[in-house]
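Trainee: could you work out the structure for the sequence below:
(one chain, ligands or ions: 1)
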Amino acid sequence: MLKFKCTFRNNGVSEGTFLRWWAKSGSLKNRLTRIKKMDETLPPLFTFGVIADIQYADIEDGFNYHHTRKRYYRNSLRLLRRANEKWKGEAVKPSFIIQLGDVIDGYNKKYNASETALKTVVNELDKSAIEVHHVWGNHEFYNFSRDELMISALNSRTTNDTTSTMSEDTTALEDTVESGNVSDTEESYAYHFSPAPHFRVAVLDAYDLSLIGRKEPSVRYYEALEIIQAHNNNDDLNHPPVFDGTERRFVKFNGGFSKCQLDWLDRLLTLSDEKLEKVVVVSHLPVHPYSTDPICLAWNYERVLSILHSHKCVVCFMAGHDHDGGYYRDASGVHHLTFEGVIETPPESDAFGTVYVYEDRMALRGNGRVADRVLLYP
Ligand SMILES: Nc1ccn([C@@H]2O[C@H](COP(=O)(O)OP(=O)(O)OC[C@H](O)CO)[C@@H](O)[C@H]2O)c(=O)n1
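Mentor: Next comes the predicted model:
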């Protein structure tokens, strides 16, 4: 029996019945993006690697909160090494790697091993000498404060000198979009870079508004508290407020995007539209309910979607957090990819991808649990 993201689909549907229904339904378009044969006769313009939820810790294997998924804490380093070796040996060496967040597990904090674990994964990534763009997830904040992260190896907006931050001046760099809001004293970890002419990547901070990524007393901490308390009455705010649906996203291990960050994204995408660029947007938390278990959605995902849909330049939104992964191409043609988490990937499998970028499409070549997909431009 198949198991689906939407629980209503799990009521005794046989594989044959589902496949017949699926072939007739609108999901056929999604399916075709997955199975279409990739044309590899032309060299790509550039390539990049993607990996999510490594959650390394030097501890015995364990389980997720509900004991439904095994977590392979030590093996995650082995799988990272395997991914890195593959990238190192590629005919077209990836221009960069996107690490989608939760690079080390929160358990490291408990064992006073946060720094050591971080050094271990960063050393591993360094071996390929490929530029890495780090996204911040909930486990980053279980291990480090925002201030510590800002001066750590996980702050890739400062370690890579091709990036432009939310607060830089527009005239300083050709590709820079400034924040336009000098009152943004609570700095967000959001930036963008252009890996090749006509292409751009926007890195978002999904814990900009959150109880774990912001400290008391700060404006954004109290804003986050107000949001979560309006939806979740539980004493333990990690416990979802309901059993089903998108309201489940209002938990402490998620977060959202400040108005300031969203205004910045909107301006960035307006400039990208004008320059006829193709944009990849990345965040730890997914923003489309059909691309993830809704418990993993960003709190204000609807606002993000409306911004993405108001611009022609957005090709795809890449996220982690939901270790089961997911994919959906929305009505505006934006591809939502949630990458399968390394931490819940058994030793005999893999969980990483390489994206080949062409004039007319991106092609994801997946490994292990990550499927191949053709991402046609909207
Ligand atoms: N129902 C739950 C789920 C989790 N918790 C606690 O919240 C913290 C984060 O959970 P964790 O599973 O470690 O988060 P990940 O980012 O690894 O994975 C994504 C989610 O699992 C998606 O479901 C942790 O302290 C848990 O114990 C909770 O209390 N109640």
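Trainee: contacting residues around the closest residue to the ligand within the stretch 251-378 of the chain?
Mentor: For the stretch 251-378 of the chain, the residue closest to the ligand is Phe253, as judged by Cβ to the nearest ligand atom, at 4.1 Å. From N, CA and C alone the C-beta is placed, and that goes for glycine too. Phe253 makes contacts with 138, 212, 238, as judged by Cβ atoms under 8 Å, 6 or more residues apart in numbering.
Trainee: what about the residue of the stretch 101-250 of the chain found nearest the ligand, how many neighbours?
Mentor: Checking the stretch 101-250 of the chain residue by residue against the ligand with Cβ to the nearest ligand atom singles out Asn238 as nearest, at 3.2 Å. Counted by other Cβ atoms under 10 Å, the residues lying close to Asn238 total 14.
Trainee: one more: the one 10 residues further on?
Mentor: For Arg248, the count of nearby residues is 20 (other Cβ under 10 Å).
Trainee: okay, and the beta partners of the spatially most central residue of the chain?
Mentor: By Cα atoms, centre = their mean, the chain has its centre lying nearest to Ala319, at 2.2 Å. When bridges are assigned using DSSP bridges, the partners listed for Ala319 are Thr338.
Trainee: residue contacts, it?
Mentor: When contacts are counted by Cβ under 8 Å, 6+ apart, Ala319 is found next to 52, 100, 282-287, 291-292, 336-339.
Trainee: please apply the same query to Gln261.
Mentor: When contacts are counted by Cβ under 8 Å, 6+ apart, Gln261 touches 166, 188, 190, 204-205, 208.
Trainee: lowest-confidence entry in these?
Mentor: When it comes to pLDDT, Met166 is the least confident member of those, at 77.
Trainee: surely that one touches Asp263?
Mentor: No - look at Met166 against Asp263 with Cβ atoms under 8 Å: they stay out of range, at 9.6 Å.
Trainee: neighbour-wise, which of those two wins?
Mentor: When Met166 is set against Asp263 and neighbours are counted by other Cβ under 10 Å, the residue ahead is Met166, at 26 against 17.
Trainee: from Ile51, how far out is that one?
Mentor: Met166 sits 25 Å away from Ile51 when distances are taken as Cβ to Cβ, to the nearest Å.
Trainee: what do you get for Cys313?
Mentor: Using Cβ to Cβ, one obtains 25 Å as the distance from Cys313 to Ile51.
Trainee: of the two, which one has the most company?
Mentor: Neighbours per residue (other Cβ under 10 Å) separate Cys313 from Ile51, with Ile51 holding more: 28 against 24.
Trainee: before we move on, which element is the residue of the stretch 251-378 of the chain closest to the ligand in?
Mentor: Taking DSSP states H and E as the criterion, no element holds Phe253; it sits outside all helices and strands.
Trainee: phi, psi of it?
Mentor: Note on Phe253: its backbone torsions stand at phi -80, psi 0 [degrees, to the nearest 10].
Trainee: thinking again about what came up before, just the closest of the contacts of Gln261 to Ala298, please.
Mentor: When the contacts of Gln261 are compared for distance to Ala298, the smallest value, 8.8 Å, is given by Leu204; criterion: Cβ to Cβ.
Trainee: surely the closest one touches Val282?
Mentor: Yes - in this structure, Leu204 sits in contact with Val282. The criterion is Cβ under 8 Å, and the distance is 6.7 Å.
Trainee: which one of the two has more residues nearby?
Mentor: Taking Leu204 and Val282 together and counting by other Cβ under 10 Å, Leu204 has the greater number of neighbours (28 against 24).
Trainee: next up, the contacts around the more buried one.
Mentor: With contact set as Cβ under 8 Å, 6+ apart, Leu204 has these partners: 135, 190, 257, 261, 265, 281-283.
Trainee: likewise Leu308?
Mentor: 269, 281, 287, 314, 317, 332, 334.
Trainee: could you flag which of those residues are buried?
Mentor: The neighbour count (16 or more other Cβ atoms under 10 Å) marks 269, 281, 287, 314, 317, 334 as buried among the contacts of Leu308.
Trainee: now for the residues you listed: which two are most distant?
Mentor: Pairwise distances across the buried ones among the contacts of Leu308 peak at 13.9 Å for Leu269 and Val287 (criterion: Cβ to Cβ).
Trainee: for Glu348, see how far away Asn75 is.
Mentor: Distance of Asn75 to Glu348, given as Cβ to Cβ: 10 Å.
Trainee: now do Asn112
Mentor: Distance of Asn112 to Glu348, given as Cβ to Cβ: 32 Å.
Trainee: now do the strands in the stretch 1-150 of the chain.
Mentor: Per DSSP state E, counting those that start in this stretch, the stretch 1-150 of the chain carries strands over the ranges 46-51, 62-63, 70-71, 96-99, 131-134.
Trainee: now Arg214: closest residue in space that isn't a chain neighbour?
Mentor: With Cβ to Cβ, 6 or more residues apart in numbering as the measure, Tyr221 is the residue that lies nearest to Arg214, at 4.0 Å, once sequence neighbours are left out.
Trainee: the helix or strand harbouring the one you found: what's the following helix or strand?
Mentor: Under DSSP H and E, the secondary-structure element containing Tyr221 is helix 219-231. For helix 219-231, the following helix or strand on the C-terminal side (DSSP H and E) is helix 259-274.
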